[in-house]
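Asks: sequence-free structure coming up:
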């Protein structure tokens, strides 16, 4: 087995070297192939960016989709001339135009994929009322992102009918670095945590619905999220925030885009007492990034550190709060909480202009994570508490080369690897004192992959997109609780994707696709820790097959419309129910998402979107329990954005938006009648004023339903299931001040 593993690694390393060789050889070939027109498209005109533009802050649209491309300025960007010209004939910002115009283009850009794609820009983030990183996705159709309310714990990012327990089921990348930690103790399948990433550091976010990009593999079931951080800003700045429940935040940024190497140094301190007892958080997060041009590209190096200490109030029964037995602010166990720290060193390289060329990322990191929690949720000292410990060293990288054949076709070839090692332990505990092990693993996880993706446009109105990736895993497990279940597994999978974009009219696209996604086997599946369970290192990655059809359009220069229908079949789905992984078997999801944005002027945007999903189990273990737990059927969002410019770089920004999600189902033991969670809605408001280097803002959040929350769990006692929740504050207020130095 070890010889086979060694040969496989050598084969994939050879594949990476071939990609690099292709990079140098194909430069000569591609230059010979390109037309004079394509050379003109790739030329750069350097202009000084506007510090605080007096016009609408339209975010630049990228046609490239590399994870660390050169960040465009707030003024006219070299790769966005088409969108800038279109902006002159409409009220629609460049970010929305790019989603329409980029769909039919031959490009690496996420917008060019034959599926629904949403872009969140730095300017969009500035408008949002952000309390945690999940608020970055609050306006995106079909996305239900929220926090557990138990400290800096990986948060669910749900879309397309996937529960995404702790950030699993969605593949998340930041600057080419995967954020999921497979088989982390508290997460079960995997956990993604983004609390280390301050919103001010983000250049843009690309949300790709469905498994339709070959660049993303493990956990890209519901889709993928690609986040690109900034390389610079015009001048240094200082940000201060204060709010309800002892909320305080300070962020200093040292950067100047004229310096070479260009620094982007950001240091964040955050603290809050929280709404409920034992919900305090203390966090520090330094971020250090330097970028410089080298060898026809941009090289970026960054080191970031993150440390957090937090309490965890737990989940309380709704009926006990309603009866007055306990307070909605009461904590289950004041010793619950967690500590975590993370170090990460990352190197990125990408072309300095255009999309042709070599893209690369290398990373090395260490995660230390501790958590103490009391489950099931009940304020009784007789219920058990558990602890989780994870120490994870991880490293890896990816490299790919993009070949460009004018405006007719492109081909991307590349490979990547991810290596994880360290102990993972979960145990019974009391007041943070170990009692007995539930499981205790030593794990060494490897993922090696190669991928191809290409586009060809045989006619102005027609484009074909295809891709394939192959992933090979090594799962080496030492089971310290059940030594007989230790072993090594070598699962592998091939996942193809194919799609088409038809553009019968200008700014009107019809698209469709079929693709497959997967997740890697979790350690508990191949090496069980429960008594009587035997190992299964022949377990293969569960596969999802998905098909989409939809359209997007820009009408009358002011109206954006999109609609998409999807249908997925997922084999061997694992869900975490009542803190335990449960094999649901084969599941089916079908649903649709629609969005409308209306821009009556360049200063106003009115938007609304709706998502519906039917998520079911094909052959449930318990007859009649056909609904997938924790999945809301309906999700509605809407709001208005307003901007007023006063000259001399002064402007007023206002945002008001609303979200509603219907209650999700759960089951009690073998009862086929579901227990429904409560409907939940929330209102957000933010008002900002900018001028003369200063920016100030106030925000408010209102949760009108007293006995509802974004997540409603269940506690099963002897006779029935009880709904539990983490009560939110009815009103939350915050204000902030930013000063930008000259």
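Replies: Yep, that arrived. Keep in mind that this is a model prediction, so the values were computed, not measured. Numbering: from 1, shown residues only.
Asks: CA atoms for contacts and neighbours, from now on please.
Replies: Noted.
Asks: low-confidence ranges, this protein, go.
Replies: Residues of the chain meeting the criterion pLDDT under 70: 1-90, 164-167, 185-189, 375-384, 574-583, 718.
Asks: if we use 50, what do you get?
Replies: 1-67, 69-89, 377-382, 579 (pLDDT under 50).
Asks: what pairs with whichever strand in the chain runs longest, and is each one parallel or antiparallel?
Replies: Using DSSP state E, we find that the single longest strand of the chain is strand 433-459. According to DSSP bridges, strand 433-459 forms sheet pairs with strand 409-430 (antiparallel), strand 462-479 (antiparallel).
Asks: next helix or strand past the last one?
Replies: The reference is to strand 462-479. strand 487-489 (DSSP states H and E).
Asks: which strands or helices does that next one pack on?
Replies: Helices and strands touching strand 487-489, by 3 or more C-alpha pairs under 8 Å, 6 or more residues apart in numbering; DSSP states H and E, are strand 462-479.
Asks: tell me the helix or strand right after the helix or strand where residue 344 lies.
Replies: Secondary structure assigned from DSSP H and E places residue 344 in strand 337-351. Remark: after strand 337-351, the chain's next helix or strand is strand 357-374, criterion DSSP H and E.
Asks: tell me the angle of that next one relative to strand 409-430?
Replies: Here strand 357-374 points in a direction 20 degrees away from that of strand 409-430 (axes from the mean of the first three to the mean of the last three C-alpha atoms, to 10 degrees).
Asks: contacts only, for residue 222.
Replies: Residues near residue 222 by C-alpha atoms under 8 Å, 6 or more residues apart in numbering: 159, 160, 161, 162, 169, 170, 209, 210, 211.
Asks: swap the cut-off to 6 Å and go again
Replies: Residues near residue 222 by C-alpha atoms under 6 Å, 6 or more residues apart in numbering: 160, 169, 170, 210.
Asks: which one (most neighbours) among those residues?
Replies: residue 170 (33 neighbours; other C-alpha atoms under 10 Å).
Asks: circling back: wait, which of the contacts of residue 222 is closest to residue 491?
Replies: Closest approach to residue 491 among those (C-alpha to C-alpha): residue 169, at 18.6 Å.
Asks: now do the phi/psi pair for the closest one.
Replies: Main-chain torsions, residue 169, degrees, to the nearest 10: phi 70, psi -10.
Asks: which residues touch it?
Replies: 219, 221, 222.
Asks: hang on, the earlier thing: from the contact counts, what lies against the strand holding residue 344?
Replies: For strand 337-351, the packing partners by 3 or more C-alpha pairs under 6 Å, 6 or more residues apart in numbering; DSSP states H and E come out as strand 297-311, strand 357-374.
Asks: now for the nearest residue to residue 417 once chain neighbours are set aside, how many residues are close by?
Replies: Once flanking residues are discounted, residue 417 sits nearest to residue 448: 4.5 Å by C-alpha to C-alpha, 6 or more residues apart in numbering. Number of residues near residue 448 (other C-alpha under 10 Å) recorded here: 21.
Asks: report the buried residues of stretch 534-546.
Replies: Buried residues in stretch 534-546, counted by 16 or more other C-alpha atoms under 10 Å: 534, 535, 536, 537, 539, 540, 541, 542, 543, 544, 545, 546.
Asks: what is the nearest of the contacts of residue 222 to residue 111?
Replies: For the contacts of residue 222, the nearest to residue 111 is residue 210 (13.2 Å; C-alpha to C-alpha).
Asks: need the contact list for the closest one.
Replies: With C-alpha under 6 Å, 6+ apart, residue 210 has these contacts: 222, 223.
Asks: tell me how far it lies from residue 416.
Replies: Residue 210 sits 21 Å away from residue 416, going by C-alpha to C-alpha, to the nearest Å.
Asks: ok but residue 624 is inside a helix, no?
Replies: No. Residue 624 is assigned coil when assessed by DSSP: H, G, I helix; E, B strand; the rest coil, not a helix.
Asks: is it true that it touches residue 672?
Replies: Yes. Using C-alpha atoms under 6 Å, residue 624 is in contact with residue 672, at 4.6 Å.
Asks: before we move on, back to that, which one of the buried residues of stretch 534-546 is nearest residue 233?
Replies: residue 546 (40.2 Å).
Asks: count of neighbours near the closest residue in space to the closest one that isn't next to it in sequence?
Replies: Nearest residue to residue 546, sequence neighbours excluded (C-alpha to C-alpha, 6+ apart): residue 568, at 4.2 Å. By the measure other C-alpha under 10 Å, the count of residues near residue 568 is 24.
Asks: can you confirm residue 568 is in a helix?
Replies: No. Using three-state DSSP, the secondary structure at residue 568 is strand, not a helix.
Asks: OK, contacts around it?
Replies: By C-alpha under 6 Å, 6+ apart, the neighbours of residue 568 are 545, 546, 588, 589.
Asks: secondary structure and distance to residue 129 added to these, as CSV?
Replies: Shown next, in CSV, are these (DSSP: H, G, I helix; E, B strand; the rest coil; distance: C-alpha to C-alpha, whole Å):
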residue, secondary structure, distance to residue 129
545, strand, 36
546, strand, 34
588, strand, 35
589, strand, 31
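Asks: quick one on the thing from earlier: what distance separates the longest strand of the chain from the centre of its chain?
Replies: The chain centroid and the centroid of strand 433-459 are separated by 16 Å, computed with C-alpha atoms, centre = their mean, to the nearest Å.
Asks: give the buried residues for it.
Replies: In strand 433-459, counting by 16+ other C-alpha under 10 Å, buried: 437, 439-457.
Asks: quick one, helices of the stretch 201-350 of the chain?
Replies: 318-322 (DSSP state H, counting those that start in this stretch).
Asks: ok, the contacts of residue 568 vs residue 513, which is closest?
Replies: When those are compared for distance to residue 513 (C-alpha to C-alpha), residue 546 wins out at 8.2 Å.
Asks: that closest one is in contact with residue 517, isn't it?
Replies: No. Applying C-alpha under 6 Å as the test, residue 546 and residue 517 come out as separate, 8.0 Å apart.
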